[in-house]
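[1] task: produce atomic coordinates for the following.
(chains A and B)
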Number of protein chains: 2
Amino acid sequence: MNYKISNNVIKRLPRYIRYLDLLASEGVQKVSSGELGSIMGITASQIRQDLNCFGGFGQQGYGYNVAQLRDGIAAALGMGDRLRAVIIGLGNLGKALALNFRFEECGAELVAAFDVDPDKVGKSIGAVPVLHVSELESFIRDNAVDVAVLTLPQSMADGAAACAVGAGVRGIWNFTGKDLGVELPGTSIENVHLSDSLLTLGYYLRSDGGKETR
Amino acid sequence: MNYKISNNVIKRLPRYIRYLDLLASEGVQKVSSGELGSIMGITASQIRQDLNCFGGFGQQGYGYNVAQLRDGIAAALGMGDRLRAVIIGLGNLGKALALNFRFEECGAELVAAFDVDPDKVGKSIGAVPVLHVSELESFIRDNAVDVAVLTLPQSMADGAAACAVGAGVRGIWNFTGKDLGVELPGTSIENVHLSDSLLTLGYYLRSDGGKETR
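    So this is what the prediction gives:
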């Protein structure tokens, strides 16, 4: 299989996973590009173009095997090889992610959370321990942590990110709402910009309404 | 100005706002498509193509006026006309949004939050009152609410969305992680899929690293 896939296709792969899971849960075993496009709100030709990278899961006029296509995309996304993640900052957002976000459905595993609040440190949240941030570096080293989830105040984000990357983290999931102000060569960074999402909603709502973004 | 803008451009407009605000905060008054592209990580030609919709803010070889371009994009996004929003569900995520998310920077205003927990109802969170969900419909009607933010458990999301839309809401910002299972014609829906974001990060981290998504 060819793993050289364009960035735009990569961005769409998680959506394919979601919709293929939905089909599988309904007992659907085969799906045509037209059917899949119709539930995903994209064209059949876009689907065929995207999934060409995953050759072997579909035949003209026959459709895709839902389970095989799902597995192929999951393999391309590396979901089988579970990433170890820590949350840095247990404010409301950090707590929400620690307690409600399904890391395991994204090929990840939450292994610890960090904060400075003495009322939180030493306890646990969900199934993971809450440690003091002074232990961040040694914990990351000792536990081969892959991903740091930044849910701490923006003013502390650069320092925490640099510390985490220095200790071996290779991915940053940044919820601070601002790009990091520190250079982290070789590190993958995903900036979550909820404001972009609300602005997009506002545009559609004001222009004509009725647009669902997926 | 032509407001017929493609969906892909719309999705990028909030990013332009963010980077133009950054430039303005640094005192930059003019920016070329090349410079803007370089800080945003996209090509100059993509920038020129996107911003053609906002004719009049740039001249070949001269660059864009940062403040005017920002205002033009903000106007296209409708940011001047403030949307009234309510949060439905004050768990950790709802609390995080109520206390930390800057609605006003997205052309919106949080006017109330709703929950069923007697320990929360009747109090306030940040600057807004916490009301019982039984008051949702009348509150939306009386206060001309535009947007419902769904941060409640998934099992209750469809009912709350239908109630909100029935009372006059035209936009749903859906944080439940699943698409709504109810038809809401004429309603704009923005589904926030944090799992897509983590899966994308995982892909880049595993493939070669060093990719920052903005």
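[2] nearest residue to A:R12 in space, please, no chain neighbours.
    Spatial nearest neighbour of A:R12, excluding adjacent residues (CB to CB, 6 or more residues apart in numbering or on different chains): A:D50 at 6.0 Å. To be clear about C-beta, it is placed using only N, CA and C from the backbone, and glycine gets the same treatment.
[3] return the helix or strand in chain A with minimum mean pLDDT.
    strand A:58-59 (a mean of 61; mean pLDDT, DSSP states H and E).
[4] and the helix or strand containing A:F139, how far out from the chain middle?
    Of the helices and strands defined by DSSP states H and E, A:F139 is found in helix A:136-143. Its chain's C-alpha centre and that of helix A:136-143 lie 22 Å apart, by CA atoms, centre = their mean, to the nearest Å.
[5] so what does it touch, helix or strand wise?
    In terms of contact count using 3 or more CB pairs under 8 Å, 6 or more residues apart in numbering or on different chains; DSSP states H and E, helix A:136-143 is assigned the packing partners strand A:83-88, strand A:108-115, helix A:154-166.
[6] I'd like the ones you listed as TSV, with distance to chain B and mean pLDDT appended.
    Output for these, formatted as TSV (distance: least, CB to the nearest CB, whole Å; pLDDT from 0 to 100):
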stretch	distance to chain B	mean pLDDT
strand A:83-88	6	97
strand A:108-115	6	97
helix A:154-166	10	95
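[7] would you map the strands across chain A?
    Counting by DSSP state E, residue ranges of the strands within chain A are A:30-31, A:58-59, A:63-65, A:83-88, A:108-115, A:124-125, A:128-132, A:147-150, A:171-174, A:188-191, A:212-213.
[8] closest to B:V28 out of those strands?
    In terms of CB to CB, the element of those nearest to B:V28 is strand A:188-191, at 21.2 Å.
[9] partners of the closest one, with directions?
    When sheet partners are counted by DSSP bridges, strand A:188-191 sits next to strand A:171-174 (parallel), strand B:212-213 (parallel).
[10] mean pLDDT lowest for which of those?
    Of all the strands paired with strand A:188-191, the minimum mean pLDDT falls on strand B:212-213 (a mean of 64).
[11] biggest helix in chain A, by residue count?
    The longest helix of chain A (DSSP state H) is helix A:7-25.
[12] just the buried residues of it, please?
    A:9-10, A:12-20, A:23 (16 or more other CB atoms under 10 Å in any protein chain shown).
[13] which among the residues you listed gets closest to chain B?
    Lowest distance from chain B to those (CB to the nearest CB) belongs to A:P14, with 3.8 Å.
[14] now for the closest one: which residues touch it?
    For A:P14, the residues meeting the contact criterion (CB atoms under 8 Å, 6 or more residues apart in numbering or on different chains) are A:77, B:193, B:195-196, B:199-200.
[15] which one of the residues you listed has the most neighbours?
    By neighbour count, taken as other CB atoms under 10 Å in any protein chain shown, the most surrounded of the contacts of A:P14 turns out to be B:L199 (27 neighbours).
[16] just checking, A:R84 touches A:G107?
    No. Under the criterion of CB atoms under 8 Å, A:R84 is not in contact with A:G107, lying 10.9 Å apart.
[17] so between these two, which is more surrounded?
    The neighbour count for A:R84 versus A:G107, taken as other CB under 10 Å, is higher for A:G107 (21 against 17).
[18] any weak-confidence spans in chain A?
    Where chain A drops to pLDDT under 70, the residues are A:1-4, A:54-61, A:208-214.
[19] if we can go back for a sec, now, the most widely separated pair of the buried residues of helix A:7-25?
    Checking those against each other with CB to CB, the farthest-apart pair comes out as A:I10 and A:L23, at 21.1 Å.
[20] A:V31 reaches A:L23, doesn't it?
    Yes. Under the criterion of CB under 8 Å, A:V31 makes contact with A:L23 at 5.8 Å.
[21] list residues touching both of these two?
    The overlap between the contact sets of A:V31 and A:L23 (CB under 8 Å, 6+ apart) consists of A:V66.
[22] burial count for the residue nearest to A:I140 when sequence neighbours are not counted?
    Ranked by CB to CB, 6+ apart and with sequence neighbours excluded, the top spatial neighbour of A:I140 is A:A167, at 3.8 Å. A:A167 has 17 neighbouring residues, counting by other CB under 10 Å.
[23] list the residues that contact A:Y62.
    A:Y62 makes contacts with A:K30, as judged by CB under 8 Å, 6+ apart.
[24] for the residue nearest to the spatial centre of chain A, give me its contacts.
    Taking CA atoms, centre = their mean, the centroid of chain A lies closest to A:C106, which sits 6.2 Å from it. Taking CB under 8 Å, 6+ apart as the definition of contact, the neighbours of A:C106 are A:79, B:195, B:198-199, B:202.
[25] how close does the residue nearest to A:R12 sit to chain B?
    With the distance defined as CB to the nearest CB, to the nearest Å, A:D50 ends up 14 Å from chain B.
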